[in-house]
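Peer 1: Return a 3D structure for these sequence lines:
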Amino acid sequence: MAVLFAAVVRWPGIVRPDLGLNGRTIAIPTKQVRLLDDDARFAELKINRDVPQTWEDGFRLSKPFLPGAYEWWYADAHFSNGYFCIVAHNVEINADGELCAFIRLDIAKDGKKLSEQKMPVNSNELQIADTHCDARMGPHFFRSEGGSLDRYHIFVDPDSAGGFGMDITLPNAECTVSGVARSQGGRVPQLDLSRQDDGRSGRSGRRQIQFGEKQT
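Peer 2: Below you'll find the predicted structure:
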């Protein structure tokens, strides 16, 4: 079975306005929002505009954690047998500054939803590298092969997901979704909603994946 289309997205270190976390709300004035797309900010974060680096796929949040910040390792795919899936390995910082994690897995076929799950992961079961993409959350993982930006192996344990799971490896290709993404080497600029110049804010890593093979 072939993967007809898939996409991998990295979205590190954002603070979200008016976000309810564990029943609590974080309100941030919208007048503080700015787009981090100037040369000075890229230089400050040591990010090359044109050439993605492996560390950009790694864990970007740092202590003390900022409430409302989050990261995710995301992929979606269309399969030749009619299946469609969305998977995301998520890390969020709650209103108390504590790290929370969960796996999101949605599976559908022919327009019918088969699985829509949000699986919490204990924080002591997290192992996330900051040098490359390697997010291990309990039995689940989302990681690059060989620590590169070329291929990604994604696994969700079906025994922990109600019988639905995923085990797939996808090759990487540069994103051509929008002019913004093309102009920035396949990555979309990030909004800074906190005005904190502490290195927590960066930008997303968005890359398009095409025509991989499903592992069995």
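Peer 1: In three-state terms, label Gln127 for me.
Peer 2: strand (DSSP: H, G, I helix; E, B strand; the rest coil).
Peer 1: Verify the stated contact: it with Gly138.
Peer 2: No - counting by Cβ atoms under 8 Å, Gln127 sits too far from Gly138 to count as a contact (9.7 Å). To be clear about C-beta, it is placed using only N, CA and C from the backbone, and glycine gets the same treatment.
Peer 1: Looking at the two now, which is surrounded by more residues?
Peer 2: Each of Gln127 and Gly138 has its neighbours counted (other Cβ atoms under 10 Å); Gly138 has more, 17 against 12.
Peer 1: could you check the distance from the residue lying closest to that one once chain neighbours are set aside over to Ile103?
Peer 2: Closest residue to Gly138 apart from its sequence neighbours, by Cβ to Cβ, 6 or more residues apart in numbering: Glu125 at 4.3 Å. Look at Glu125 and Ile103: by Cβ to Cβ, to the nearest Å, they are 11 Å apart.
Peer 1: out of the two, which sits in the busier spot?
Peer 2: Ile103 (23 against 12).
Peer 1: dump the residue contacts of the more buried one.
Peer 2: Counting by Cβ atoms under 8 Å, 6 or more residues apart in numbering, Ile103 makes contact with Val87, Ala88, His89, Asn90, Gln117, Lys118, Met119, Val121, Met137, His140, Val156, Ala161.
Peer 1: Can you flag which of those residues belong to strands?
Peer 2: Within the contacts of Ile103, residues falling in strands by DSSP state E are Val87, Ala88, His89, Asn90, Gln117, Lys118, Met119, Val121, Met137, His140, Val156.
Peer 1: Going by distance to Thr54, which of those wins?
Peer 2: His89 (17.3 Å; Cβ to Cβ).
Peer 1: My read is that the closest one contacts Gly138, right?
Peer 2: No - if you go by Cβ under 8 Å, His89 and Gly138 don't touch, sitting 10.3 Å apart.
Peer 1: so where's this protein shaky on pLDDT?
Peer 2: Residues of the chain that meet the criterion pLDDT under 70 lie in 1-34, 173-216.
Peer 1: in which helix or strand would I find the closest residue to Gln117 other than its chain neighbours?
Peer 2: Among residues not flanking Gln117 along the chain, Leu105 sits closest, at 4.9 Å (Cβ to Cβ, 6+ apart). Per DSSP states H and E, Leu105 falls inside strand 99-109.
Peer 1: Determine the number of other residues adjacent to Tyr152.
Peer 2: When counting by other Cβ under 10 Å, one arrives at 24 neighbours for Tyr152.
Peer 1: can I assume it sits in a strand?
Peer 2: Yes - counting by three-state DSSP, Tyr152 falls inside a strand.
Peer 1: farthest pair in the contacts of Ile103?
Peer 2: Pairwise across the contacts of Ile103, and taking Cβ to Cβ, the largest span is found between Asn90 and Ala161, at 14.4 Å.
Peer 1: doesn't Ser160 make contact with Pro139?
Peer 2: Yes - shown here, Pro139 and Ser160 form a contact pair, counting by Cβ under 8 Å, at 5.9 Å.
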